[in-house]
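**Student:** Build me a structure from this.
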Amino acid sequence: MPSVPTPVPTSPKRRPDADLARRAAAVCADNKAHDVVLLDLHTVTDMTDFFVVASGTSDTHVRSIAEHVVSDLAARGVRVQSVEGLEQGRWVLLDYVDFVVHVFHPSLRSYYQLERLWGDAPALAVSP
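**Tutor:** You can find the predicted model right below:
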């Protein structure tokens, strides 16, 4: 019977999905998103490992931030699995499976309060 290699545990800072989630958060910040937050969900849920939450100032700004994230990660060979809300620009969800990017219009962000809903998840620093 062939031996199965034992996976080597990695810290959240070294996991590729963590690096990509941090990159997505940085792209949001670079495109003037407000209140960019990176939530580490890997110990809280099996749904995904990270949420990036950001706000734009208008529908156009929300769409632009989301489009820049998709473009930047695509240039790195990472394709978004699903996009919701891009046409409306009120709440754009970019699902990358291991992490999900939420770009909100401020009124919807305050209404849904994802950071409060996932309050058990630690927030990680986002590099500007």
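**Student:** For residue 24, grab the count of nearby residues.
**Tutor:** By other CB atoms under 10 Å, 29 other residues sit near residue 24. Glycine gets a C-beta too; all of them are placed from N, C-alpha and C.
**Student:** Flag every buried residue along whichever helix in the chain runs longest.
**Tutor:** When the chain is parsed with DSSP state H, its longest helix is helix 59-75. For helix 59-75, burial by neighbour count (16 or more other CB atoms under 10 Å) applies to 61-70, 72-73.
**Student:** Including distance to residue 83 and pLDDT, could these go into a markdown table?
**Tutor:** Output for the buried residues of helix 59-75, formatted as a markdown table (distance: CB to CB, whole Å; pLDDT from 0 to 100):
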| residue | distance to residue 83 | pLDDT |
| --- | --- | --- |
| 61 | 17 | 98 |
| 62 | 13 | 98 |
| 63 | 11 | 98 |
| 64 | 14 | 98 |
| 65 | 13 | 99 |
| 66 | 8 | 99 |
| 67 | 10 | 99 |
| 68 | 13 | 99 |
| 69 | 10 | 99 |
| 70 | 7 | 99 |
| 72 | 14 | 98 |
| 73 | 12 | 98 |
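**Student:** out of those residues, who's nearest residue 91?
**Tutor:** Distance to residue 91, by CB to CB, is smallest for residue 62 among those, at 7.7 Å.
**Student:** residue ranges of the strands in the chain, please?
**Tutor:** For the chain, strands defined by DSSP state E occupy the ranges 34-40, 50-55, 82-84, 91-95, 99-104, 123-124.
**Student:** Contacts for the shortest one next, please.
**Tutor:** The list of residues contacting strand 123-124 from outside it, by CB atoms under 8 Å, 6 or more residues apart in numbering, reads 12, 18, 22, 37-40, 115.
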